[in-house]
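> 3D model of this:
(one chain, ligands or ions: 1)
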Amino acid sequence: MVATSCAAEGWQVSVAKYKDNKACAISYTFDDGLKEHYTKVGPEFEKRGMRATFFINGNSINQDDAHITDTTRMTWAQLRELSDRGHEISNHGWAHKNFARFPIEEIREDIMKNDSAILACTGKPALTFCYPNNNKKAEGRRISDKGRVGTRTFQRSLGSKSNDKELAKWTQKMIDTRDWGVTMTHGITYGYDNFGRTPQRLWKHLDMVASLKDSIWVGTFYEVAAYTAERRATSLGIARPKENQLLITPTMRLDPTLFIEPLTLVIQGDTPIRKLSAKQDGKKLPVTLTDDGKALVTFNPNGGVIEVKVK
Ligand SMILES: [Zn+2]
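So this is what the prediction gives:
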């Protein structure tokens with residue numbers, strides 16, 4: 001038994017590097033809760049079947065439509081809507097307090113206050129974190145990183161300086177190197193580092209990425225952070241009790257209350273697989289057969305034995 005791959009008499013079973021065995025992953029993150037993230041970004045992503053991550057600061061979110069104190073920012077109701085539609089709403093500090101500039105007790109309060117507000121608003125805990133001003137002072141991280149699935153420690157800017165050519169090159173690099181790209185955007189037509197009068201540069205980039213959907217997994221920051229961590233922490237036990245049957249036992253060594261992202265199994269035989277079914281915990285699992293004769297099976301790494309039948 002090895003970490004993510006196992007062989008049983010002619011069968012190769014492994015966990016794909018990324019969901020659905022895509023070549024790479026991209027997470028689009030938007031900082032500071034700007035109103036255009038709700039009016040423009042959410043709908044443009046949804047149109048293309050994609051979801052994004054919004055790292056917000058509770059203190060600049062408007063209470064409700066009747067009490068707009070800052071027209072440039074979203075309301076809590078708008079955040080809830082984005083969350084209900086599958087986007088990730090996560091923690092960027094309540095008041096955007098830079099770890100290097102405030103006493104640690106204030107940082108703690110700032111982070112916890114935002115966690116509580118996000119949970120109260122969306123009904124979902126903020127399982128990731130984005131450092132205010134990208135300051136990663138260790139003292140602050142000991143608080144901010146606790147109970148998270150991942151935090152944004154690397155990113156590339158997607159904003160005023162971005163153009164089609166450079167974005168196409170970066171996207172291709174993600175595919176070629178099988179990497180996880182994380183983008184950071186603030187303003188769209190206004191605000192820090194915005195796209196000015198040509199925000200269509202962003203939508204055009206999304207069109208290009210959507211056209212490469214066989215190679216690129218666009219997942220929220222949580223989804224990709226959880227998937228990659230779970231994959232590394234999952235071992236597969238494998239048995240072949242019958243000629244056409246495999247029993248695969250996943251063991252995942254992470255907290256099952258935080259890490260709940262399904263993983264993708266890649267099953268390969270000596271000959272191309274033409275028909276395969278799989279079930280786990282009494283439920284049929286989604287199966288995709290690829291052109292080159294592999295089977296991709298979506299499973300729960302916290303679940304029980306996966307029973308696979310090859311026909
Ligand atoms: Zn920020």
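
> neighbours around S162, how many?
The number of residues packed near S162 is 19, by other C-beta atoms under 10 Å. C-beta here means a position set from N, CA and C on the backbone, and glycine is covered the same way.

> next, give phi and psi for I306.
Dihedral pair for I306: phi -100, psi 120, per degrees, to the nearest 10.

> surely it is in contact with A239?
No: if you go by C-beta atoms under 8 Å, I306 and A239 don't touch, sitting 11.0 Å apart.

> who is G181 paired with across the strands?
I26 (DSSP bridges).

> got the phi and psi for R101?
According to degrees, to the nearest 10, R101 has phi -110, psi 0.

> tell me how many other residues crowd it.
Neighbours around R101, by other C-beta under 10 Å: 12.

> how near is it to I143?
Taking C-beta to C-beta, to the nearest Å as the measure, R101 falls 15 Å from I143.

> let me know the next secondary structure element after whichever helix or strand A210 is part of.
Per DSSP states H and E, A210 falls inside helix 200-211. Following helix 200-211 in sequence order, the next helix or strand is strand 216-218 (DSSP H and E).

> shouldn't V209 be in contact with W217?
No: V209 lies out of contact with W217 (C-beta under 8 Å); the separation is 10.3 Å.

> where do the contact lists of those two overlap?
I26 (C-beta atoms under 8 Å, 6 or more residues apart in numbering).

> how much space between the closest residue to P301 other than its chain neighbours and Y190?
Nearest residue to P301 in three dimensions, chain neighbours excluded: M252, at 4.0 Å (C-beta to C-beta, 6 or more residues apart in numbering). Separation of M252 from Y190 (C-beta to C-beta): 44 Å.

> how close does N135 get to F99?
Relative to F99, and taking C-beta to C-beta, N135 is found at 5 Å.

> let me fix that, I meant to ask about P125.
Taking C-beta to C-beta, one finds P125 at 21 Å from F99.

> okay, the two: which has more neighbours?
Per other C-beta under 10 Å, whichever of P125 and F99 has more neighbours is F99, with 23 against 15.

> three-state assignment of L247?
Under DSSP: H, G, I helix; E, B strand; the rest coil, L247 falls in the strand class.

> wait, V224 touches M174, no?
No: the criterion here is C-beta under 8 Å, and V224 misses it with M174 at 11.7 Å.

> shared neighbours, those two?
A25, W180.

> who has more neighbours out of the two?
Neighbour comparison, V224 and M174: the larger count goes to V224, with 26 against 19 (by other C-beta under 10 Å).

> so what pLDDT did the more buried one get?
V224 carries a pLDDT value of 98.

> how about stretch 146-161: buried residues?
For stretch 146-161, burial by neighbour count (16 or more other C-beta atoms under 10 Å) applies to R148, V149, G150, T151, R152, Q155, L158, G159.
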